[in-house]
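K.L.:
how does the following fold in three dimensions:
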Amino acid sequence: VKEAVAIPVIANGGVATPEDMQRCMEVTGCDAVMSSEMSLSAPDIFRQPGVPRTPTDTLVREYMALARKYDIYAGAKMARAHLFKMLYPALPQHVDLRDRMVMADSLEELEEVATELAERGWEAKLEGEIEAEKVAHATAASTSSAAADTAADTAADTAADTA
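P.N.:
This is a model prediction of the structure:
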């Protein structure tokens, strides 16, 4: 498409990390990548590839500081929607705080919920679970590969014995 038009080409969708954006630009030749949903749940998605992600709790604190500073929300409705996106991975495990977030009528109440989530260490626990899952998958793949190699060797030995 880029070669066929004389205007900037902007790709959209299917990007979850800075590395995805970089790949998208390399493969498509587009001039830029836009994101909507992912930038709500991971506002630092436009960081440089290879740069570690900013902890969600830090992003939430920064977001809440800006919401208070600019007071653009006339209440908690919009901020609550954004916090739900950012904190979604934690909410199924912390139903009591999810319920408090639903009922919050002010930025202060939302901030209290976010602070309590951070104090519970939800993000570190989630990162640990993700890392453990990666190790389990790697171990399973390695075991499966070794089993396949053993089966292939056995089949080859059997074929050689019968020949």
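
K.L.:
do you know the pLDDT at the closest residue to Trp122 other than its chain neighbours?
P.N.:
Spatial nearest neighbour of Trp122, chain neighbours left out: Ala90 (4.0 Å); criterion: CB to CB, 6 or more residues apart in numbering. In this view, the C-beta of every residue, glycine as well, is placed from N, C-alpha and C. Looking at Ala90, its pLDDT is 89.

K.L.:
what is the burial count for Ala90?
P.N.:
20 (other CB atoms under 10 Å).

K.L.:
tell me who's in contact with it.
P.N.:
Contacts here follow CB atoms under 8 Å, 6 or more residues apart in numbering; on that basis Ala90 touches Leu97, Leu117, Trp122, Glu123, Leu126.

K.L.:
ok, now how distant is it from Ala6?
P.N.:
Per CB to CB, to the nearest Å, Ala90 is found 46 Å from Ala6.

K.L.:
ok, now Glu127?
P.N.:
45 Å.

K.L.:
next one: Arg53
P.N.:
Taken as CB to CB, the span from Arg53 to Ala6 is 36 Å.

K.L.:
how far off centre is the helix or strand harbouring Met38?
P.N.:
Taking DSSP states H and E as the definition, Met38 sits inside helix 37-41. Relative to the mean C-alpha coordinate of its chain, helix 37-41 is positioned 9 Å out (CA atoms, centre = their mean, to the nearest Å).

K.L.:
what residues sit buried inside it?
P.N.:
Using 16 or more other CB atoms under 10 Å as the test for burial, helix 37-41 gives Met38, Ser41.

K.L.:
list the helices and strands that helix packs on?
P.N.:
The contact analysis (3 or more CB pairs under 8 Å, 6 or more residues apart in numbering; DSSP states H and E) places helix 37-41 against helix 77-87.

K.L.:
tell me which helix or strand comes right after the helix it packs on.
P.N.:
Next element after helix 77-87 (DSSP H and E): helix 95-103.

K.L.:
low pLDDT regions in this structure?
P.N.:
Along the chain, segments meeting pLDDT under 70 span 72-75, 128-138, 140-163.
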